Structure formats: structure tokens, C-alpha cells
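Enquirer: have a look at this prediction, sequence included:
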Amino acid sequence: MDVKEKIKKVAVLGAGDMGHGIAEVCAMVGYEVTMRDIKQEFVDRGMNRIKESLAKLQEKGKISNAEEVLSRIKPVVDLEEAVKDADLIIEAVPEIFEIKTQVFSDCESLAKPECIFTSNTSTIKITELAKATKREDKFAGLHFFNPPVLMRLVEVIKGEKTSEEVMQLLVDFVKSLGKEAVRVEKDVPGFIVNRVQAPSGALLMAIVEKGIASPEEIDAKMKTIGLPMGPFELMDYTGVDIFYHAMKYYSETISKDYAPPKILEDMVKSGNLGKKTGKGWYDWSKGRPEIKASPSEKINPLDFTIVEINEAVKLVEMGVAKPEDIDKAVKLGLNRPFGPFELAKSMGVEQIVKRLEELSAEFGKEIFKPAETLKAGKLPV
Ligand code: 3HC
């Protein structure tokens, strides 16, 4: 049966950066959507952002039916109204475990028994979120990338109890959105793309904390290797709070080496969350920041690549995904020219292992220690 026979109505919970974009993407391909947030002003802001985005796409000739798309999205505040007829729920509320589980447990009694529940969480294990419901077999991760309307990847994450039927339906759903699905076969914090980046995030923080280079100097250097945004610009773009919560979660679930530094905690406490609040590492009040600093000569972009390769190898060892799927996910999820395994092949395992040992000693972090496969002188196949 076609996915559009099984899924007709989608409820998107949360109208923020991700929620409004996900609602827009679903409506663009014909799904009936309810977009829900806890206050009318949040829902209104989300609808305005969708209107602006659709207008841009129409201007460029990418769509010709902005009004029709908009008419398929019903903005609501009442949770029951949002989910009662839904065939699929996509949750995109703040990245805080207790908020997400509360929303899912509220939905349990309001949604149809056959409705599939999904979370757009950046990092939190799907299996843990699913426990807030009585439908763990119909619960999975559906992880979009920011901005959902432009980014082509969606990770489809299998929780410990997610049924194969639900996984397949969600892969078909992602394809129906015109996007590429990558299956995450094992539920680990951060899944594929965010998990591969986790140690490079920790390295960035350690470099800034030690005063080796400033965020702007690092961004200037990283842009020289063909990334669409520098890492700090991207952190501002996706939300400093998202990065902070990810590090905190990794520090609790993977290693204390991920503990967020004070500078990051202070930014979150003072509400400097990046693009959405007008200020983060950069000032966004006049639009996208211009990076004026000279590229730092004290950092080597290859170090970030090397710690990401190491994490990608660990993901293969854990059975999370195959190397080619990891490369595909990293390229599509971050608009990068190369995936970690493609880069590793051009480097040589010995050099990677040596540098990982050095980084681990220099920054006192176990998370940079080389994966078993690399230590054995191999790359996974
Ligand atoms: N709707 C419609 N059009 C949009 C849009 C939107 N929401 N956002 C941007 N655009 C348009 C712009 O208007 C612009 O159009 P123009 O060419 O006619 O002026 C065009 O897209 C390109 O945008 P920009 O000129 O602002 O800048 P770029 O060329 O750099 O493209 C980008 C923007 C696609 C976001 C690119 O910078 C990029 O790929 N950045 C990396 C994004 C990324 O890595 N995202 C993933 C983050 S991780 C994540 O989300 C996971 C989560 O769990 C944290």
C-alpha cells in the first residue's frame, strides 16, 4: 500500500526552528498537517516563517502553489485537536527529556491507537522516549536537519522495540517528502550525524577554553576546507542550546569528557542562543554574520576530521550503520563535500591512530583514543 494511503494526517508538535520547517515540508507534498505549540504567539510565529519560506520558494519558481500548501497547515494550541485524527506524530519540542516524555505521555491517550509516534530529537535515545508511551513498537526517531526545507537527509532511527513494519513505512514517508532516508539500526545517543560530530564539538570547546584560538578564527580556518558554514556559525544557526543539551546528554550517557564548558553554560543561561535570539557566538541582528578574522594558524582542520573518522569507526563497530550510509548521512545532513570514510581512505590508518593518541594526551580526553579497528591497522568495510 502506498504510504499516502496509510499516512494522511501528520501532527507536528512544536512550531520552532525545526517544527515549522517539518510542517512546511510535509504540507508541500500534500499531507494534511496540524502544527501545534503551547502558545498562540509561538504558533503564529511558526506560520509566519512558513509563509516567508514558501514565498521565497515561489519567487525562485521551486513551487507555484504557496497558498494551497499553506491551507494544508492548521495551526493549533490544543493538543487533543492536534493529534486526535493524526496518523503520524512528529515531535519537535525543546531538547529536554522531561518535556518530550510529558508530551508523549499526554499524546498516548489522545491519539488513535494505530498512530505512529516519532521524535525529531537531536540526541536522546529513542528507546528511552518510547517508554513514556504504551506503543513502543510504533515509536521511532525521525531526525530532520536544519533548515528542513533545504536539507535532504532524514535519519530514521530504530528504537529497541520499533517494528520493522514501522521502520519501512517511515522510510517510505521520508521518500515521499522528496528526501533521502538513512536507517539508524541501533539506538545510540546522537545517532549518526550528530554522534560523528560529537568529539569534534568537544575538541572545539577544548580549544576555545584553552585560549588556543577564538571561535571566529576557527571558523575562518574551517571555511577554507569547503564547509558551507564554520562550526561556530553552524552552532549559532542550529541553536547554542541544542549544542549545550547535546554535550550534557553525551556527558551523562557516553563519557564525562563531553561535559559542557562554563562558557557554553553561561551563554545558555543568559539567553544567547544564536540566530534565534539575535546573539550567540556572533551577532545575528543584521542577518548572517560576516567572518572577518584571519584563519587561525594554531589549529589543524584535519584534527577535527580525524576525531570524526574515529567516532564513525566506533559507530560501525557498534552496529549503528554501514560505512557507506555514514558517509551519505554526513554529506547530506551537513552539506559537506566528503564523508568520514571517504576522507579516511586518503589519509592512512597509521597517521590517524598516531594523531588520535596525541590529541587524547594533549587534551586529556579518553574519547579521542583510537577505535579497536583502527588500532588493528584497518578501516571497517
Ligand atoms: N526556506 C526557503 N529558502 C531558504 C530558507 C528557508 N527556510 N533558508 C535559506 N533559504 C534560501 C536563502 O534565501 C538563499 O536564497 P538565495 O540564494 O536566493 O538568496 C538560499 O537558500 C541559500 O541561503 P544563503 O544564501 O543564506 O546561504 P547558503 O548558500 O550558505 O545556504 C545553507 C544556506 C543551505 C543553510 C548552507 O549554509 C548550509 O548547508 N549550511 C549547513 C547547514 C547544516 O549543516 N545543517 C545541519 C545542522 S545539524 C542539524 O540540524 C541536526 C540537529 O539535530 C542539530
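Expert: Structure's in. What do you need?
Enquirer: what residues of the helix or strand harbouring S109 count as buried?
Expert: S109 belongs to helix 97-110 when assigned by DSSP states H and E. Neighbour counts using 16 or more other Cβ atoms under 10 Å place 97, 100-101, 103-104, 107, 110 of helix 97-110 among the buried residues. All C-beta atoms are positioned from the backbone trio N, CA, C, and that covers glycine.
Enquirer: do stretch 255-274 as well
Expert: Quick answer for stretch 255-274 (16+ other Cβ under 10 Å): 257-260, 264, 267-268, 272-274.
Enquirer: and the stretch 101-250 of the chain, which residues reach the ligand?
Expert: Counting by Cβ under 6 Å from any ligand atom, the residues of the stretch 101-250 of the chain lying close to the ligand are 122, 145-147, 149-151, 194, 228-229, 234, 238, 242.
Enquirer: closest to the ligand among the buried residues of helix 97-110?
Expert: K100 (13.4 Å; Cβ to the nearest ligand atom).
Enquirer: so the closest one makes contact with I126?
Expert: No - look at K100 against I126 with Cβ atoms under 8 Å: they stay out of range, at 10.6 Å.
Enquirer: find residues that contact each of those two.
Expert: S119 (Cβ atoms under 8 Å, 6 or more residues apart in numbering).
Enquirer: and the helix or strand hosting A23, how far out from the chain middle?
Expert: Using DSSP H and E, A23 sits in helix 17-28. Helix 17-28 sits 15 Å away from the centroid of its parent chain (Cα atoms, centre = their mean, to the nearest Å).
Enquirer: repeat that for stretch 184-202.
Expert: Counting by Cα atoms, centre = their mean, stretch 184-202 comes out at 9 Å from the chain centroid.
Enquirer: with stretch 113-120 instead?
Expert: With Cα atoms, centre = their mean, you get 19 Å for stretch 113-120.
Enquirer: end to end, how far does it reach?
Expert: One end of stretch 113-120 to the other measures 21 Å (Cα to Cα, to the nearest Å).
Enquirer: for it, which positions count as buried?
Expert: Buried residues in stretch 113-120 (16+ other Cβ under 10 Å): 115-120.
Enquirer: next: stretch 54-72.
Expert: 54, 57, 66, 69, 72.
Enquirer: give me the subset of the residues you listed that also touch the ligand.
Expert: L57.
Enquirer: what about the helices in the stretch 1-150 of the chain?
Expert: 3-6, 17-28, 40-59, 66-71, 79-83, 97-110, 126-130 (DSSP state H, counting those that start in this stretch).
Enquirer: helices or strands up against the second one?
Expert: Translated: helix 17-28. Under the contact criterion of 3 or more Cβ pairs under 8 Å, 6 or more residues apart in numbering; DSSP states H and E, helix 17-28 touches strand 9-13, strand 32-36, helix 40-59, helix 66-71, strand 73-76, strand 139-144.
Enquirer: partners of the fifth one in the sheet?
Expert: As defined by DSSP bridges, the strand partners of strand 73-76 come to strand 32-36 (parallel).
Enquirer: and the contacts of the partner strand?
Expert: For strand 32-36, using Cβ under 8 Å, 6+ apart, the contacting residues are 8-15, 19-20, 23, 26-27, 43, 46-47, 72-79, 81-83, 86.
Enquirer: and the angle from that strand to helix 17-28?
Expert: With axes from the mean of the first three to the mean of the last three Cα atoms, to 10 degrees as the basis, strand 32-36 and helix 17-28 are set at 160 degrees to each other.
Enquirer: go through the buried residues of helix 97-110 and name the one nearest F368.
Expert: F97 (27.1 Å; Cβ to Cβ).
Enquirer: if we can go back for a sec, quick one: which of the buried residues of stretch 113-120 sit in strands?
Expert: 116-119 (DSSP state E).
Enquirer: which bits of the stretch 251-381 of the chain sit near the ligand?
Expert: Proximity of the stretch 251-381 of the chain to the ligand (Cβ under 6 Å from any ligand atom) is limited to residues 288, 333-335.
Enquirer: where's the dip in pLDDT among the residues of the stretch 101-250 of the chain next to the ligand?
Expert: Within those, pLDDT reaches its minimum at P228, with 87.
Enquirer: which one among the buried residues of stretch 255-274 gets closest to the ligand?
Expert: Closest to the ligand, out of all of the buried residues of stretch 255-274 and judged by Cβ to the nearest ligand atom, is G274, at 11.2 Å.
Enquirer: is that closest one in a bridge, and if so with what?
Expert: Residues in beta-bridge contact with G274 (DSSP bridges): K279.
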